[in-house]
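*Asks:* Have a look at this prediction, sequence included:
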Amino acid sequence: MTPEDSILAAWATSNRVTIFLVENLPSAIWDSRVPEVPRRTIRSIATHIHNSRCGWIRTLGWDIRVPAPARVDPFRATRRDLARALERSGADMGRLLRLGIQNGGSLPPSSRYVWRNLPLDVAHVLSYFVAHEGHHRGQLVLAARQLGHRLPVSTMAGLWDWRRRSKEGKTKGVGSGSKRAGRT
């Protein structure tokens, strides 16, 4: 496996871990308010992951024509809706990473990227998104516990079974060379 392949595989695995958690959150807590953050619900934190990806894809991919997927409604999206959306945004994040790899290891500067807090080399972009999503996965696990819904051992162990999530990520084609035209 080349270093480039490793970067794309690492993203695909992290994406699959996020989807796995969403798929395994108890339905009973999906609309529950998060203790300590009463303005947020489990659903709104989970949808934030996808919607954040959409914003970054729109920002970083604008000039290189990587279209951003549609955002999901943080008040209405189901777990199934979100899992499908995460598949799409995960693939588009993979496209961004692949384009960065093909561009000598960095994403080209985007006219829409005004915040400039994130170095655009592929390793930093990857680690930023893995850290961001890991933070929110941890929030979701903790909030479920605080709401009295301790996640089953199979779910908790599954979050750390990166070998299995890696195999699942490969079957989903995240970061593949497939192309989408147009902009959203």
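*Replies:* Arrived safely, thanks for sending.
*Asks:* make it CA atoms for all contacts and neighbour counts henceforth
*Replies:* OK.
*Asks:* Can I get stretch 151-166 in CSV, CA atoms only?
*Replies:* Only the C-alpha atoms of stretch 151-166 are listed here, as CSV (Å, rounded to 0.1, in the frame of the first residue of the first chain):
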residue,chain,number,x,y,z
LEU,A,151,-24.4,1.5,24.4
PRO,A,152,-24.0,-2.3,24.2
VAL,A,153,-20.6,-3.9,24.4
SER,A,154,-20.9,-4.9,20.7
THR,A,155,-21.3,-1.2,19.7
MET,A,156,-18.5,0.1,22.0
ALA,A,157,-16.2,-2.7,20.8
GLY,A,158,-17.3,-2.0,17.2
LEU,A,159,-16.2,1.6,17.5
TRP,A,160,-12.6,0.4,18.1
ASP,A,161,-12.7,-2.5,15.6
TRP,A,162,-10.9,-0.5,12.9
ARG,A,163,-9.8,-3.7,11.1
ARG,A,164,-13.5,-4.6,10.5
ARG,A,165,-14.5,-0.9,9.8
SER,A,166,-11.5,-0.8,7.4
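*Asks:* buried stuff in it?
*Replies:* For stretch 151-166, a neighbour-count test (16 or more other Cα atoms under 10 Å) marks 151, 155, 158-159, 162, 165-166 as buried.
*Asks:* Select, from these, the two members most distant in space.
*Replies:* 151 and 166 (21.5 Å; Cα to Cα).
*Asks:* Let me know the pLDDT of residue 180.
*Replies:* You'll see residue 180 listed with a pLDDT of 35.
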